[in-house]
Structures are given as structure tokens and as C-alpha cells.
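*Asks:* The sequence and its predicted three-dimensional model are supplied below.
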Amino acid sequence: MAHRNIEQLLTDPARRRFAESPERCLAALSQEGLELSAVEVGALATTDPDSLRALAERRDRRLRKVDEQ
């Protein structure tokens, strides 16, 4: 799982979609070019949305600023 793939999942819009439906969010991201194996999708689908929020908040400020633009 590439670092860039996870960065896509940590954006505010993706996290909101993930909180509503992890499976649909991951399928949509896959359609947008996110490359994940079936095992990775299964593992991510069971991730607590609050964990993604916490991870997103701990990213370097410069990376968070890119999401806000």
C-alpha cells in the first residue's frame, strides 16, 4: 500500500464518505485510481473512521494545508 494511496483516504471529503460507507468510499477511490489489493480493501473497510480522523490531524501541517486548497 503506497503512502500516496493513504494520503487520498485522509482528505476531508474521503473521510466523510468513509464514515458513511467504507466499502462505497473505497470503491469510489478505486475508480479514481487508488490502487489497493482485495486484502488491503478488506483491512481498510474495518478501520474505525475516528482512527483516520486522528491520523489526518497528526499529519504535517504542510500536507494538511494542501487538502484545504
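*Replies:* Yes, it's here.
*Asks:* ok, and residue 6, which helix or strand is that part of?
*Replies:* helix 3-9 (DSSP states H and E).
*Asks:* Let me know the average pLDDT across the helix or strand just after that helix.
*Replies:* Counting by DSSP H and E, the element after helix 3-9 in chain order, helix or strand, is helix 12-20. For helix 12-20, mean pLDDT rounds to 93.
*Asks:* contacting residues around helix 12-20?
*Replies:* Helix 12-20 has contacts (CB atoms under 8 Å, 6 or more residues apart in numbering) with 8-9, 24-26, 28-29, 49, 52-53, 56, 67. Just so you know, the C-beta spots here come from the backbone N, C-alpha and C atoms, and that holds for glycine as well.
*Asks:* and that helix, which residues are buried?
*Replies:* Residues 14-15, 17-18 are the ones in helix 12-20 that count as buried (16 or more other CB atoms under 10 Å).
*Asks:* Give the next helix or strand downstream of it.
*Replies:* helix 22-31.
*Asks:* now the chain, which segments are flagged as low pLDDT?
*Replies:* 1-5, 63-69 (pLDDT under 70).
*Asks:* rewinding a little: state the pair within the buried residues of helix 12-20 that is farthest apart.
*Replies:* 15 and 17 (7.4 Å; CB to CB).
*Asks:* Pull the contacting residues for residue 29.
*Replies:* Residue 29 neighbours (CB under 8 Å, 6+ apart): 8-9, 14.
*Asks:* Just send the contacts of helix 12-20 back as JSON lines, with distance to residue 35 too.
*Replies:* As requested, those are exported to JSON lines (distance: CB to CB, whole Å):
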{"residue": "8", "distance to residue 35": "10"}
{"residue": "9", "distance to residue 35": "12"}
{"residue": "24", "distance to residue 35": "18"}
{"residue": "25", "distance to residue 35": "15"}
{"residue": "26", "distance to residue 35": "12"}
{"residue": "28", "distance to residue 35": "14"}
{"residue": "29", "distance to residue 35": "10"}
{"residue": "49", "distance to residue 35": "22"}
{"residue": "52", "distance to residue 35": "18"}
{"residue": "53", "distance to residue 35": "23"}
{"residue": "56", "distance to residue 35": "20"}
{"residue": "67", "distance to residue 35": "20"}
